[in-house]
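Asks: what would the 3D arrangement of this be:
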Amino acid sequence: MLIVISPAKRLDWTPREAAMTRPEFLTRANSLARTMRGRTLTELRGLMDLSEDLARLNRDRYRDYVDDPAPGALRPAALAFAGDTYQGLEAGSLDADELDRAQERLRILSGLYGVLRPLDGIQPYRLEMGTRLRTRRGRSLYDYWRDLPAKALKAQARAVGTDTLLNCASQEYFGAVDTDALGLAVITPTFLEERNGRTSVVSFHAKRARGAMARFVITRRIA
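Replies: Sure, this is the predicted structure:
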């Protein structure tokens, strides 16, 4: 089974002792970063619906982004993202064998990087997949990535010998996966809570549950 999750807005840039790998679509990520670098503070605020402080932070991130950074400027993706899903995943507590399996079986969909493995080195950024960023490939990041995420996931599923994808990503991010090009059976769990006899999705708990499910599949070595 192959698993996909979403990234997180919140980052943890604590130094990590981990051998990092190179993102598959780094050249395309670098191109997107240059596009973002050309946006003014006002444009960033409107594009990503940010406060002035957050817009300034991300303007500075893209200003400092470089195509070939020193290792010290990078963090492994699964340890750099720090949102609710990653609290459920607890990647920092995986042992060496589990981390190797995560590297094979777990993928993170990303607005900037397209598709990431847990140990892929990333620079600090914020760029939601739903952002309507105009590029030469279209009017949004969905246009920019087209069928590339699906083809990458299909190739990795073939490499690990599975025809099933466990979708623990949000609708926003899984919307970047062309399911026709993917050609895999997709399982999308829904996490509900019951309160006073009624069931509903509680976003905070659902996100954490997605990470916990990904961890369960990795650590229990579910095929």
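Asks: got the CA positions of stretch 64-71 in PDB?
Replies: Written as PDB, here are the backbone C-alpha positions of stretch 64-71 (Å, rounded to 0.1, in the frame of the first residue of the first chain):
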ATOM      1  CA  ASP A  64      16.200  33.600   0.600                       C
ATOM      2  CA  TYR A  65      15.200  30.500  -1.400                       C
ATOM      3  CA  VAL A  66      18.100  29.300  -3.600                       C
ATOM      4  CA  ASP A  67      18.300  26.600  -6.300                       C
ATOM      5  CA  ASP A  68      21.200  24.700  -4.700                       C
ATOM      6  CA  PRO A  69      21.100  25.300  -0.900                       C
ATOM      7  CA  ALA A  70      23.700  24.100   1.600                       C
ATOM      8  CA  PRO A  71      22.500  21.100   3.600                       C
END
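Asks: now that stretch: average pLDDT?
Replies: Here stretch 64-71 scores 95 as its mean pLDDT.
Asks: residues in contact with that stretch?
Replies: Outside stretch 64-71, the residues that touch it by Cβ atoms under 8 Å, 6 or more residues apart in numbering are 20, 30, 33, 37, 73, 121, 123, 125. C-beta coordinates here come from the backbone N, C-alpha and C atoms, glycine included.
Asks: I'd like to know which of the residues you listed are buried.
Replies: With burial judged by 16 or more other Cβ atoms under 10 Å, the buried subset of those is 20, 30, 33, 121, 123, 125.
Asks: roughly how far apart are the fifth one and residue 132?
Replies: So the one you mean is residue 123. 23 Å (Cβ to Cβ, to the nearest Å).
Asks: count of neighbours near the closest residue to residue 207 other than its chain neighbours?
Replies: Nearest residue to residue 207 in three dimensions, chain neighbours excluded: residue 84, at 3.7 Å (Cβ to Cβ, 6 or more residues apart in numbering). When neighbours are defined as other Cβ atoms under 10 Å, residue 84 has 18 of them.
Asks: touching, residue 84 and residue 211? I think so.
Replies: Yes. If you go by Cβ atoms under 8 Å, residue 84 and residue 211 touch, sitting 7.2 Å apart.
Asks: now do the end-to-end distance for stretch 118-137.
Replies: One end of stretch 118-137 to the other measures 27 Å (Cα to Cα, to the nearest Å).
Asks: can you give me the buried ones in it?
Replies: The neighbour-count check on stretch 118-137 (16+ other Cβ under 10 Å) flags 118-131, 133 as buried.
Asks: contacts only, for residue 135.
Replies: By Cβ under 8 Å, 6+ apart, the residues touching residue 135 are 31-32, 35, 143-144.
Asks: and with 10 Å instead?
Replies: Contact analysis of residue 135 by Cβ atoms under 10 Å, 6 or more residues apart in numbering lists 28, 31-32, 35, 141, 143-144.
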